[in-house]
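Undergrad: just coords:
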C-alpha cells in the first residue's frame, strides 16, 4: 500500500506528458535521398565516400556509401548536418511545408584545412634526460648502434625476412581475387592445362631456383 501511495504522484505527473506525445503521421516525415560531392580537379565534381549525416539536436543519423549516396528518414522542419574529415560542415533544413514523401538533394562540401599544433616526439621523458643519456653514450656504442641498424636494413636481410614472413591480409585478399578472376575467365568451359601455360613454367623455374639457393 505504501508503495502504491509513493508511486501515485509520479504516475499523475507522467500522465500529462504521455497524453501530449502524439504519434507521427505519414505527412510529418519525409525520406531525404541524395549525394554528397565536392569540387574536384579540372572543374569536375567527385563524390565524398562515407560522409556523416546527423540530425541536429538528435541521436539519429546515417552515412553515405562509397559513391557518396545516402538516404535518411526525418521529420519535416529538422536540420541535417553533413560532415566529413577534411571538409567544412554544411547544414540543410528540410522545409516544414514540403509536400511529398521523398526529397532529393545534392550536398556540396568545401575542403577545409585543419591546422594542428606542432608536436615534438622524443624517446626520452624530457630534455634533461636526453642530455644525460647523450653525454653518457660512448662513441663506440653509437657506432655499434649504427652498424646494427645498417645490418637490419641491408638488402640481403630484408630479402631473407621477406622469404620467411607470411602474406598479410592485403596480399591474401589480392591472391583470392586473382584466383576468383581466373576461375571466372574459364566459366562454362574447360580450364586450360598449366603444362601448356608458359607463365606457369616461368613461375615453376623461379620457385625452383629459390629452393636451390
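TA: Right, received. Where do you want to start? Everything quoted here is computed from the prediction, not taken from an experiment. Numbering: from 1, shown residues only.
Undergrad: Just the pLDDT for residue 10.
TA: With respect to pLDDT, residue 10 scores 46.
Undergrad: bridging residues for residue 79?
TA: For residue 79, the beta-bridge partners are residue 93 (DSSP bridges).
Undergrad: give the contact list for it.
TA: 55, 56, 57, 91, 92, 93, 94 (CB atoms under 8 Å, 6 or more residues apart in numbering). No exception for glycine: its C-beta is placed from N, CA and C like everyone else's.
Undergrad: Include neighbour count and pLDDT when you put those into CSV, please.
TA: Output for those, formatted as CSV (neighbours: other CB atoms under 10 Å; pLDDT from 0 to 100):
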residue, neighbour count, pLDDT
55, 17, 92
56, 11, 89
57, 8, 82
91, 12, 95
92, 15, 94
93, 11, 94
94, 18, 92
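Undergrad: what's the most distant pair in those?
TA: 57 and 92 (14.7 Å; CB to CB).
Undergrad: what separates the residue nearest the centre of the chain from residue 65, distance-wise?
TA: Centroid check for the chain by CA atoms, centre = their mean gives residue 50 as the closest residue, at 7.5 Å. Between residue 50 and residue 65 the computed distance is 7 Å (CB to CB, to the nearest Å).
Undergrad: Low-confidence bits of this protein, can you list those?
TA: 1-24, 137-142, 184-197, 210-213 (pLDDT under 70).
Undergrad: list the contacts for the residue nearest to the centre of the chain?
TA: Per CB under 8 Å, 6+ apart, neighbours of residue 50: 63, 64, 65, 66, 84.
Undergrad: Give me the nearest residue to the last one, chain neighbours excluded.
TA: Think residue 84. Nearest residue to residue 84, sequence neighbours excluded (CB to CB, 6 or more residues apart in numbering): residue 51, at 4.3 Å.
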